[in-house]
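Peer 1: Quick one: sequence and predicted model below, then my questions.
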Amino acid sequence: MGLKWVLFLGLSLAQQDADQSDSVQTLIKQLGDDDIMSRKAAAGKLVDLWEDPALKKIIEDNIDTARKNNNPDLRVRLEEILAKIEFRHVLGKELVEKIKDEIDDIYDADEKVSFEYFERWLGRPSKYHIDGEKEQRKLTEWIYEKLESFQVKQKFSLFFASRSNLKFGREFVARLLKDNNPQVRLSAVMTLGTLRAAEYTDEMVELLDDPDINVRTNTLINLANYMNPVKYMDKISGLLDDQNVNVQSYAIYALGRMPAKKYEERIASFLKDENVLIKIQAIRALGSLKSVQYADEIAKFIDHSNQGVKTAAMVVLGQMKAQAYVKDIVKQLDDEDKSVKEDALRALYSFGAKEYHKEIAKLLDDPDPEVKSVAAFVIGEFGLTEYAEKIAEMIENNRVLNNLWAGRDSIHALALLGEKKYEAKIADFLNSNHEMLRYSAISAISMLGSKERAKDIAELLGTNDFCAKAYVIIALGDMGAKEYADKIADLLDYKFEEQDEEEDSLYESKGVADVKSAALYALGEFGEIKFADKVAKFLSDGHPRIRASAVAALGRLNAKEFSKEISKLLQDNDYVYITCTDTNEQDKRKKGVMRYKETTVCQEAENILKKWEAAK
């Protein structure tokens, strides 16, 4: 190529750049037109030039000029265009082409609006083509950098609290632990606690020195409830001397949740504290630590003037099985305070004090429906069939159903008492307007074990109530109603994206997980190996509860051929609650109760693999 041609080509390209720059400047000038349609057309043309490497710098320079010239309208319009251009760069050319017809509907310069669309994108990934973690992370990073107001930062944090499958989100939430706004730090603490993100325990522990009291107390609560902060016990114990009562009380609470025996004497010293909140936490912590040597001291509070102190003492004495104080607690059944009566009943249940059944049964006539409820529960748990008719009358006369908890516990008690003659009465609640009563009736019929009632329950499989559907599936599994196995297996094919976009996606996501986990549980209970292949597909599901349920189901199906796939989950540390079969194995009356155990995916996998290995 000759020198003249090279020079000509260089001059031509330079001229093109100059022309392009002039064109951009013309469009920017058009943004100041009075005509809104002219402004919109110019904005659209500028955004269409997003791939031009020089465009961003030109717009940034014009934003500075508009700022200097005190032209806020032009500055805002340019900032919105710049954000849309940046958004396209974040997504990449291929993805922009896929969604070019809807991309401008999804992004708006206002961060609150843009975050709502971000929720939609990550909430329905396949619908919006954000399928891979790399793309999801890229989009999240961009949104994170745009967060400004504390309200949107809180919303960002809470979004990931309900999306445990988006593990990369924890990293972004953890960054908010260092935010300047205490409400944002608090939201981050609560989200990481909910996600049981133990990998960020060290960062959370730093907030025990936070200047904000709410942040300190909630950090203590979340560390104690969801993390494993044992190595920080000494640091937590230091907060027993904090100047703030709330921080002190939750430090006691946290130590009570840990193997903190070496601090029990220090905790016991707070029994003498004048502050009732601290006194209550000290009583409860000693109960959790099983510090029975302090039973006599705790028993002094049975007649305390403060209702909270009194009830805490009774419950803890029940936990400690301090039989010497049973009669003192029975006397509290005559207390005027309903909370005292309720906790006295719970304490007697912990003692297994059936010999006081007459005193307990008197409270079936208590004017307060919640007291009736607890009394019915205790009678049911004790298996006192002589009171079945009385409990049935309570339901028949509708004297407790003005309180849903009372109705639930009364139905539950009849089922525990095994009184099949009341089955039809219970079945009437399958069509109750109150969801709690419907759920109770489903479980109660399952507990009574009448297979002829399976058809009544199965009619609810078509309900739009996710929770009721899950109850029904578990009930049918517990009843061994294999005739519904194929229909339940079909529910595993439910597609989240097929639902109306206007539905509450967070509720729906949880509901789908409930239904699929229940279906996996039921298929495991049916014990039909033909479903093993279908169940195994969910070992790689995005929701940890579904993965753990699939592992448990394969274990019950004894599908050892999937050992290799299950072993891949030995590093999956996600905490979950799954429906279990073993909690009440010794008490067949309770088969059918919605019962969950807390576990991790890897723990379920390890248990199953060990069981199979031992059986070789």
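Peer 2: In hand now; what should we look at?
Peer 1: Toward the C-terminus, what is the element adjacent to the helix or strand of the chain with the lowest mean pLDDT?
Peer 2: Across the helices and strands of the chain, mean pLDDT, DSSP states H and E gives its lowest value to helix 3-30, namely a mean of 58. Scanning forward in sequence from helix 3-30 by DSSP states H and E, the next helix or strand is helix 36-48.
Peer 1: following that next one, which helix or strand comes up?
Peer 2: Counting by DSSP H and E, the next helix or strand C-terminal to helix 36-48 is helix 55-68.
Peer 1: Just name whatever secondary elements that next one is in contact with.
Peer 2: helix 3-30, helix 72-91 (3 or more CB pairs under 8 Å, 6 or more residues apart in numbering; DSSP states H and E). C-beta: built from backbone N, CA, C; applies to glycine.
Peer 1: Looking at stretch 520-532 now, give me its mean pLDDT.
Peer 2: What stretch 520-532 shows for mean pLDDT is 95.
Peer 1: same check, this time on stretch 56-70
Peer 2: 91.
Peer 1: Could you give me the buried positions within it?
Peer 2: 58-59, 62-63, 66 (16 or more other CB atoms under 10 Å).
Peer 1: Nearest to Ala174, out of these: which one, please.
Peer 2: Ile63 (32.3 Å; CB to CB).
Peer 1: from memory the closest one sits against Arg75, does it?
Peer 2: Yes - Ile63 sits in contact with Arg75 when judged by CB atoms under 8 Å, with a separation of 5.6 Å.
Peer 1: Helices of the stretch 101-250 of the chain, start to end?
Peer 2: Here the stretch 101-250 of the chain has its helices, by DSSP state H, counting those that start in this stretch, at 103-106, 111-123, 133-146, 150-161, 169-175, 182-194, 201-205, 213-226, 233-238, 245-256.
Peer 1: can I get those in a markdown table with distance to Ile474 and mean neighbour count?
Peer 2: Formatted as a markdown table, those follow (distance: least, CB to CB, whole Å; neighbours: other CB atoms under 10 Å):
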| stretch | distance to Ile474 | mean neighbour count |
| --- | --- | --- |
| helix 103-106 | 39 | 15 |
| helix 111-123 | 27 | 18 |
| helix 133-146 | 32 | 17 |
| helix 150-161 | 26 | 21 |
| helix 169-175 | 30 | 19 |
| helix 182-194 | 24 | 23 |
| helix 201-205 | 34 | 17 |
| helix 213-226 | 26 | 21 |
| helix 233-238 | 39 | 16 |
| helix 245-256 | 33 | 23 |
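Peer 1: right, so of these, which gets closest to Glu459?
Peer 2: With CB to CB as the criterion, Glu459 lies closest to helix 111-123 of the helices of the stretch 101-250 of the chain, at 31.5 Å.
Peer 1: average pLDDT for the closest one?
Peer 2: Averaged across helix 111-123, the pLDDT comes to 63.
Peer 1: Give the helix, strand or coil label for Asp486.
Peer 2: helix (DSSP: H, G, I helix; E, B strand; the rest coil).
Peer 1: Tell me where the model's unsure across the protein.
Peer 2: The model of the chain has pLDDT under 70 over residues 1-22, 98-117, 120-132, 396-406, 495-510, 580-596.
Peer 1: for the residue nearest the centre of the chain, phi and psi?
Peer 2: Centroid-nearest residue in the chain: Ser162, 5.8 Å away (criterion: CA atoms, centre = their mean). Main-chain torsions, Ser162, degrees, to the nearest 10: phi -100, psi 10.
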